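Visitor: Here you go, sequence then predicted model.
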Amino acid sequence: MRIWSLHPKYLDAKGLVALWRESLLAKQVLEGKTKGYKNHPQLNRFKNSGNAVGCINQYLTSIHENSLERGYNFNKNKVNLNFIPTKLTVTDKQMKFEMELLLRKLETRDPERFHKLSRRIKIDAHPLFRIIDGEIESWEKIKLKSSFHITGDMK
């Protein structure tokens with residue numbers, strides 16, 4: 001499961017559809033409607049928010065909005081729009097890590113998008129997140145040895 005901190009606009013079609021599906025699964029987990037993935041480390045930031053279900057619905061809303069901009073027809077009825085908007089934090093090094101991970105995927109899946117993104121200096125977070133200084137998040141399983149060099153300020 002990958003619940004990206006990056007803005008969904010950076011994802012290719014395959015990535016956006018996967019994010020929608022995985023975020024809906026995360027919503028089911030956070031609502032207590034499934035037995036699997038209960039202890040998935042990426043869900044901790046939602047669980048620690050004090051309003052996990054509201055935050056995942058807010059997260060899904062932004063994905064849905066981005067999907068409409070791209071001409072997709074994701075089912076809006078799967079999202080509860082009755083949430084109190086909030087902001088969670090994500091570290092700048094987590095954002096760089098995720099962009100490097102995405103670039104690895106895009107290098108073969110969508111070379112055109114890869115070339116556009118690999119030249120970016122500023123990276124936007126998903127609207128749920130505010131970027132702060134810090135290391136890669138403790139819940140992240142780091143397997144990536146970077147060959148890309150993302151520079152610049154994430155904020």
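Guide: It's in. Source: prediction; values computed, not measured.
Visitor: Please pick out the residue of the chain most distant from its centre.
Guide: Lys35 (22.6 Å; CA atoms, centre = their mean).
Visitor: how far away is that residue from Tyr59?
Guide: Per CB to CB, to the nearest Å, Lys35 is found 22 Å from Tyr59. (Glycine included, C-beta is placed from N, CA and C.)
Visitor: go on, Ser138?
Guide: Ser138 is 20 Å from Tyr59, by CB to CB.
Visitor: Looking at the two, which is more packed in?
Guide: Tyr59 (25 against 9; other CB atoms under 10 Å).
Visitor: ok, and that one, which helix or strand is that part of?
Guide: Using DSSP states H and E, Tyr59 maps to helix 52-69.
Visitor: Name the next helix or strand following that helix along the chain.
Guide: Taking DSSP H and E, what comes next after helix 52-69 is strand 88-91.
Visitor: mind checking the SS state of Ser49?
Guide: Secondary structure, DSSP: H, G, I helix; E, B strand; the rest coil: Ser49 is coil.
Visitor: Model confidence score at the closest residue to Asn73 other than its chain neighbours, please.
Guide: Sequence neighbours aside, Ser67 is the residue nearest to Asn73 in space, at 7.7 Å (criterion: CB to CB, 6 or more residues apart in numbering). pLDDT for Ser67: 96.
Visitor: now do the one 4 residues further on
Guide: Reading off the per-residue confidence, Gly71 sits at a pLDDT of 96.
Visitor: Now for it, how many residues are close by?
Guide: 6.
Visitor: Now do stretch 15-25: everything it contacts.
Guide: Residues from elsewhere that reach stretch 15-25 (CB atoms under 8 Å, 6 or more residues apart in numbering): 1-4, 8, 11, 34, 37, 56, 59-60, 63-64, 66-67, 70, 72, 74, 78, 102, 105, 109.
Visitor: Please enumerate the strands of this structure.
Guide: Applying DSSP state E to the chain gives strands spanning 88-91, 129-132.
Visitor: which of those strands sits most buried?
Guide: The highest mean neighbour count among these, using mean count of other CB atoms under 10 Å, belongs to strand 88-91: a mean of 19.
Visitor: Put the alpha carbons of that one into PDB.
Guide: What follows is strand 88-91, C-alpha atoms only, in PDB (Å, rounded to 0.1, in the frame of the first residue of the first chain):
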ATOM      1  CA  LEU A  88      -1.200  16.800   8.700                       C
ATOM      2  CA  THR A  89       2.500  17.200   8.400                       C
ATOM      3  CA  VAL A  90       5.100  15.500   6.200                       C
ATOM      4  CA  THR A  91       8.800  16.000   6.300                       C
END
